[in-house]
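> Got a predicted structure here, sequence first:
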Amino acid sequence: MLSVKNLVVNINSQRILNGINISIKPGEVVAVMGPNGSGKSTLAKAIMGDKRLEVFGDINFEGKDILDLSPDERSKKGIFLSFQSPPEIEGINSEYFLSTSIDTEWDAVVKLAKKLGIKSELFSKDLNVGFSGGERKKIEMLQAILKDPKLIVLDEIDSGLDIDSIKVVDEFMKDMKKRNKGLLIITHYTRIFTNIQPDKVYVLVDGKIAGEGGPEILSKLDKFGFKEWK
Ligand code: ADP
Ligand code: MG
């Protein structure tokens, strides 16, 4: 589904990612784990087509090169990115925003939101304005379900979430895997993988893939932290 080859990314002429190779198949949960500042969000932004990045290498989605596509074209192809810090959008009502370009009836959206633990009063407010970190993350998950993409990139979905909400993420991942979505889970904690184990784990350190393997990497990370890979 997604194949990233020899990806090099500069920001303001500074090298941030240095030769990244990753791939995701439909129905696969792939984790990218790394310490702060290792380049995880930059990788997510490169996949989504953030114009502020200078990108070299190959990014293929369903066999086609997508490097020249804009973020909205990539979105239409079925790539969804949940931001690490979803921005406040003043002047855009949440219900209005969520109900555009979806086929789902609003009643069904509200039901889904309830399952994710989203309070319905948020829908009458401007998008994310004054929302807690956890509320923003849940709105991102709701969007991911409504837009029905093929590949879902979650950038630190667990940051700002309470223990109950982490279980919601777990359910979300399980459900999306069942629906054959590709999931790229960016995090620096192993705690979100309780019921759902990643099929593949990449360790990103200083802009390079320092290790890759199966879920056994999670227990190694829990024991030793990232220093093992530095
Ligand atoms: P992570 O998500 O793993 O914490 P990031 O991808 O956000 O890391 O950042 C990787 C590195 O790139 C950091 O050193 C960060 O300071 C730098 N960086 C990210 N965005 C910018 C930017 N817009 N301008 C300058 N440096 C940036
Ligand atoms: Mg980040």
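Cool, the structure landed. Here the structure is a predicted model, which means the values were calculated and not measured. Ligands and ions are numbered 1, 2, ... in the order given.
> show me what contacts the residue positioned nearest the centre of the chain?
Per Cα atoms, centre = their mean, the C-alpha nearest to the average position across the chain is that of L154, at 1.5 Å. Neighbouring residues of L154 by Cβ atoms under 8 Å, 6 or more residues apart in numbering: 82, 140, 144, 169, 183-186. Yep, even glycine has a C-beta here, placed from its N, CA and C like the rest.
> for A113, same thing?
120, 123, 138, 142.
> can I assume it sits in a helix?
Yes. The assignment for A113 (DSSP: H, G, I helix; E, B strand; the rest coil) places it in a helix.
> so what's it scoring on pLDDT?
With respect to pLDDT, A113 has a value of 95.
> Check the gap between it and ligand 2 for me.
26 Å (Cβ to the ion, to the nearest Å).
> who in the protein is up against ligand 1?
Residues of the chain found near ligand 1 (Cβ under 6 Å from any ligand atom) are 11-12, 16, 34, 36-42.
> follow-up on the earlier one: will you turn the contacts of L154 into TSV that also has distance to I196 and neighbour count?
Listed next are these as TSV, based on distance: Cβ to Cβ, whole Å; neighbours: other Cβ atoms under 10 Å:
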residue	distance to I196	neighbour count
S82	16	20
E140	18	20
A144	15	21
V169	9	24
L183	9	22
L184	13	27
I185	9	23
I186	15	24
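> The residue of the chain at minimum distance from ligand 2: what secondary structure?
Residue of the chain nearest ligand 2, by Cβ to the ion: S41 (3.2 Å). Following three-state DSSP, the label given to S41 is helix.
> Tally up the residues packed near it, please.
Using other Cβ atoms under 10 Å, S41 has 18 other residues around it.
> Might you report the residue contacts of it?
With Cβ under 8 Å, 6+ apart, S41 has these contacts: 84, 155-156, 186.
> quick one: which of these sit in strands?
Using DSSP state E, 155, 186 are the members of the contacts of S41 that sit in strands.
> Tabulate the contacts of S41 (JSON lines), appending pLDDT.
Below are these laid out as JSON lines (pLDDT from 0 to 100):
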{"residue": "Q84", "pLDDT": "93"}
{"residue": "D155", "pLDDT": "96"}
{"residue": "E156", "pLDDT": "95"}
{"residue": "I186", "pLDDT": "97"}
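> near ligand 2, which of the contacts of S41 show up?
Applying Cβ under 5 Å from the ion to the contacts of S41, one finds that Q84 fall near ligand 2.
> Identify the farthest-apart pair in the contacts of S41.
The distance between the two most remote of the contacts of S41 (Cβ to Cβ) is 7.8 Å, for Q84 and I186.
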